[in-house]
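Engineer: Predicted model and sequence below, questions to follow.
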2 protein chains.
Amino acid sequence: MDEIRLIEVKEGILSESQAMANRLRERLRSTGTFMLNLMSSPGSGKTSLVLRTIDALKSEFRIGVIEADIASTVDSEKVAAHGVKVVQLRTGGFCHLDAAMVSEGLDAIGPQDLDLVIIENVGNLVCPAEFDTGANRNAMILSIPEGDDKPLKYPLMFSVCHVLVLNKIDAMGVFDFDVRTVEQRVRVLNPSIRILTTSCKTGEGMDNWTNWLRDEVEISRRKPG
Amino acid sequence: MDEIRLIEVKEGILSESQAMANRLRERLRSTGTFMLNLMSSPGSGKTSLVLRTIDALKSEFRIGVIEADIASTVDSEKVAAHGVKVVQLRTGGFCHLDAAMVSEGLDAIGPQDLDLVIIENVGNLVCPAEFDTGANRNAMILSIPEGDDKPLKYPLMFSVCHVLVLNKIDAMGVFDFDVRTVEQRVRVLNPSIRILTTSCKTGEGMDNWTNWLRDEVEISRRKPG
């Protein structure tokens, strides 16, 4: 009984969140701002990718970052040290971000002065995939140590993302991980997803990532308002 | 408004789940069965630790495994190949196990013929920590590649566990990870937690883990009914 009630309430929240996500995208279009939602398991390298991205693109774009964590401000402190605007959302027990939380983050960060906003979502391969945050694109990281069976186990996350970054490829020799197997498993779920390999530690493959992101920001700008 | 309703419903479910968890522990005591709830991020090595544990302890204990995954049966197939009873719970979109789901798993697996039941929870550092599954002990894995800042970001998980397994120590040279830093951060949250280091790949440290688990099973048996 309780479970059915929970599902009903959840569906209500999901549809309200969807409407708010659509309004957020309208708002972002009006200010010429592109927003990326970055998701992954804990410890896959989200913050490292954000920092690499800032260093590579901050001369081209005015960048802001919305950090989400259940607790602590360690990530936002790291991001602030790289010289961009950052806001930390503490989600308390919440395991994901929804459009309402992102809207608060945008209010705090001021999208009107920004070309690119990156959301670093809560580290979680399950719940964040269910919520449209209002971002223009969803990106996810799967790191090599996590294993190549993850698309089988967390299919929704792989289905809702526009780009998959296979990170920590510098550690490829240490773990059993077959890139082709992952590609095959992901394409079944999401035929059009872009798949890139990177090492945020060594910098390998970062150009492919920043080129993809730059293109997305530019394409979004050229869309008729 | 919707959020408040969700929280109310969630609290109702949590307290109902708590009552069911207590009933599950009564049931396990009546059959002399010890149940362990194993949690971690995706890809930290839960299945590998389960398989190592089966190989080390199956001559001493009658073991059963409850596997939880959002999708797929890859883990339960691996476990079954190691010659113990296994049941796969597919959680659909659910990001955690609660006592009601575990109860169904126990019905399917038959605890009356088992000394030790291991629950492999959904890979997630957030939601599973909120639910008492009815297990006698909670264990979590943090793998070296995930980084030593995780206790700061996911404090509840570290607070509710009786033992923390730092896994993939064979990869210690490849990643920045300081064991002492983790220990300090975890002890602030949970002073009595036991912390072990293992490599499920090389077998290093497995004795400490199996000794801990064996002791827990034996202690639980000696408790007055």
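Structural biologist: Received the coordinates, thanks. Numbers count the residues shown, from 1 in each chain, chains lettered A, B, ... in the order given.
Engineer: When you work out contacts or count neighbours from here on, use the C-alpha atoms and nothing else.
Structural biologist: Noted.
Engineer: Tell me which stretches of chain A form strands.
Structural biologist: For chain A, the strands defined by DSSP state E cover A:34-40, A:63-69, A:85-90, A:116-120, A:137-143, A:163-167, A:194-197.
Engineer: Comparing these by mean pLDDT, which bottoms out?
Structural biologist: Note on these: lowest mean pLDDT is at strand A:85-90, with a mean of 90.
Engineer: I'd like to check which residues are in contact with the closest residue to residue A:106 other than its chain neighbours.
Structural biologist: Spatial nearest neighbour of residue A:106, chain neighbours left out: residue A:66 (7.8 Å); criterion: CA to CA, 6 or more residues apart in numbering or on different chains. Residues counted as contacts of residue A:66 (CA atoms under 8 Å, 6 or more residues apart in numbering or on different chains) are A:86-89, A:102, A:105-106, A:109, A:117-120.
Engineer: How about residue A:66: which residues does it bridge to?
Structural biologist: residue A:87, residue A:119 (DSSP bridges).
Engineer: list the contacts for the residue nearest the centre of chain A?
Structural biologist: Central residue of chain A (CA atoms, centre = their mean): residue A:38, 1.0 Å from the mean position. Counting by CA under 8 Å, 6+ apart, residue A:38 touches A:46, A:118-121, A:138-141.
Engineer: repeat for residue A:196
Structural biologist: Residue A:196 touches A:163-166, A:205, A:208-209, counting by CA under 8 Å, 6+ apart.
Engineer: ok, so of those residues, who is nearest chain B?
Structural biologist: For those, the closest approach to chain B (CA to the nearest CA) belongs to residue A:166, at 13.8 Å.
Engineer: looking at it, the closest one is touching residue A:194, isn't it?
Structural biologist: No: here residue A:166 lies out of contact with residue A:194, judged by CA atoms under 8 Å, at a distance of 10.8 Å.
Engineer: returning to what we had before: who wins for neighbours among the contacts of residue A:66?
Structural biologist: Counting neighbours by other CA atoms under 10 Å in any protein chain shown, residue A:119 leads those with 28 neighbours.
Engineer: who are the neighbours in contact with that residue?
Structural biologist: A:35-38, A:65-68.
Engineer: wait, which of these is closest to chain B?
Structural biologist: The closest of those, once distances to chain B are taken by CA to the nearest CA, is residue A:68, at 9.9 Å.
Engineer: so the closest one sits right up against residue A:92, yeah?
Structural biologist: No: using CA under 8 Å as the test, residue A:68 is too far from residue A:92 to be in contact (9.9 Å).
Engineer: quick one: which of the two has more around it?
Structural biologist: Counted by other CA under 10 Å, residue A:68 and residue A:92 do not tie: residue A:68 has more neighbours, with 29 against 10.
Engineer: want to throw the contacts of residue A:38 into CSV with distance to residue A:131?
Structural biologist: CSV is the format used below for the contacts of residue A:38 (distance: CA to CA, whole Å):
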residue, distance to residue A:131
A:46, 18
A:118, 16
A:119, 13
A:120, 14
A:121, 11
A:138, 11
A:139, 13
A:140, 14
A:141, 17
